[in-house]
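*Asks:* build me a model from this:
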Amino acid sequence: MVSEPPLVEEGRRLVSEAAARGVALRLLGGVAIWARSSNGAREALGRTYPDLDLAARKKESRRLRDLLEELGYEPERVFNATHGARRLLYHAGDGSYHVDVFLDELAMSHNLDLGERLDVEELTLPAAELLLSKLQVAELNRKDAADAAMLLLEHEPADEDGPGMLNAVRVAELCAADWGLYTTVGDNLAKVRELLPELLPDSAMGETVAARIAKLERVLEEAPKTRAWKLRAKIGRRKRWYEIPEEVTR
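*Replies:* Now for the predicted structure:
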């Protein structure tokens, strides 16, 4: 049995405390993927989780701020004053980690709408959004690739959300409307596949992830594209298709 990392336990507590106050709060990032995974995946691809990422709604941010401060978290006041419409940053009372809260959207290399999907599941964002939050990174690192592989090892691409399922229809819908997101996600699926021998020495596990990557690639390719997607595709890679996220000073 793999022991639960401290921040996973703390994430569960925060989601529960928020729910008791009528605030929808969900785990995001590597902690969320760990919480959705089995012991086999955790042993193969688990890592240390130094910080906690969460998603909430902007309209509930005042109550969430009050809760976090009540629980002893210290706000990064300048950051929150500047970015508080979309993102909040808090530090643990002992300074050992920080909590990053994304409000309604994740605006990094690409923009992902999170608010409308907060009520799909009770603890984490749905697997589709968790995967996109990793694959939208224009310069994918090994950590994000490992998290994506862990999620795909545990979730079969499907037509709906749910335990053990990754809503491929949702992923395809978002990518079919945004050529830039489609391109970054496609590039990163290929990168994860290339890294599988290194990430997952267990060949059976690697084959499972590779098959699911292939299935996702087919779904993305076959999904009908919007007019905006087709117009942007004509420009292609001659123009940068992703944003360069602002560095967060902590």
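*Asks:* going forward, measure contacts and count neighbours with C-alpha atoms only.
*Replies:* Will do.
*Asks:* which residues sit in contact with residue 203?
*Replies:* Residue 203 is in contact with residue 197, counting by CA atoms under 8 Å, 6 or more residues apart in numbering.
*Asks:* actually residue 230, not the one I typed
*Replies:* By CA under 8 Å, 6+ apart, the contact set of residue 230 is residue 179.
*Asks:* phi and psi next, for it.
*Replies:* Phi and psi for residue 230, reported as degrees, to the nearest 10, are phi -70, psi -40.
*Asks:* quick one: mean pLDDT for stretch 83-101?
*Replies:* Average pLDDT, stretch 83-101: 96.
*Asks:* pull out the buried positions in that stretch.
*Replies:* Neighbour-count burial for stretch 83-101 flags 84, 86, 87, 88, 89, 90, 91, 92, 98, 99, 100, 101 (criterion: 16 or more other CA atoms under 10 Å).
*Asks:* off-centre distance for it?
*Replies:* Put simply, stretch 83-101 sits 17 Å off its chain's centre (CA atoms, centre = their mean, to the nearest Å).
*Asks:* ok so, going back, adding distance to residue 240, write the buried residues of stretch 83-101 out as a markdown table.
*Replies:* Putting the buried residues of stretch 83-101 into a markdown table (distance: CA to CA, whole Å) gives the following:
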| residue | distance to residue 240 |
| --- | --- |
| 84 | 27 |
| 86 | 24 |
| 87 | 25 |
| 88 | 28 |
| 89 | 29 |
| 90 | 32 |
| 91 | 34 |
| 92 | 37 |
| 98 | 31 |
| 99 | 30 |
| 100 | 27 |
| 101 | 27 |
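*Asks:* which of the residues you listed fall within strands?
*Replies:* 87, 88, 89, 90, 91, 98, 99, 100, 101 (DSSP state E).
*Asks:* of the buried residues of stretch 83-101, closest to residue 118?
*Replies:* Distance ranking of those against residue 118, using CA to CA, places residue 101 first at 13.0 Å.
*Asks:* residues contacting that closest one?
*Replies:* Per CA under 8 Å, 6+ apart, neighbours of residue 101: 53, 54, 55, 56, 87, 88, 89.
*Asks:* same thing but at 6 Å, please
*Replies:* 53, 54, 55, 87, 88 (CA atoms under 6 Å, 6 or more residues apart in numbering).
*Asks:* surely the fourth one is in contact with residue 102?
*Replies:* This points to residue 87. Yes - under the criterion of CA atoms under 6 Å, residue 87 makes contact with residue 102 at 4.6 Å.
*Asks:* can you give me the helices in the chain?
*Replies:* 6-20, 29-35, 39-45, 61-70, 77-83, 127-135, 142-154, 168-176, 179-199, 203-222, 227-235 (DSSP state H).
*Asks:* any chance of a markdown table for these, columns distance to residue 118?
*Replies:* Converted to a markdown table, the helices of the chain look like this (distance: least, CA to CA, whole Å):
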| stretch | distance to residue 118 |
| --- | --- |
| helix 6-20 | 12 |
| helix 29-35 | 13 |
| helix 39-45 | 24 |
| helix 61-70 | 14 |
| helix 77-83 | 21 |
| helix 127-135 | 10 |
| helix 142-154 | 18 |
| helix 168-176 | 14 |
| helix 179-199 | 21 |
| helix 203-222 | 23 |
| helix 227-235 | 26 |
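*Asks:* how about the nearest residue to residue 193, chain neighbours excluded?
*Replies:* Leaving out its chain neighbours, the residue that sits closest to residue 193 by CA to CA, 6 or more residues apart in numbering is residue 210, at 6.0 Å.
*Asks:* just residue 118 next, same as before
*Replies:* Per CA to CA, 6+ apart, closest to residue 118 is residue 125, 6.1 Å.
*Asks:* count of neighbours near that neighbour?
*Replies:* For residue 125, the neighbour count with other CA atoms under 10 Å is 25.
*Asks:* and it, how close does it get to residue 104?
*Replies:* Separation of residue 125 from residue 104 (CA to CA, to the nearest Å) stands at 12 Å.
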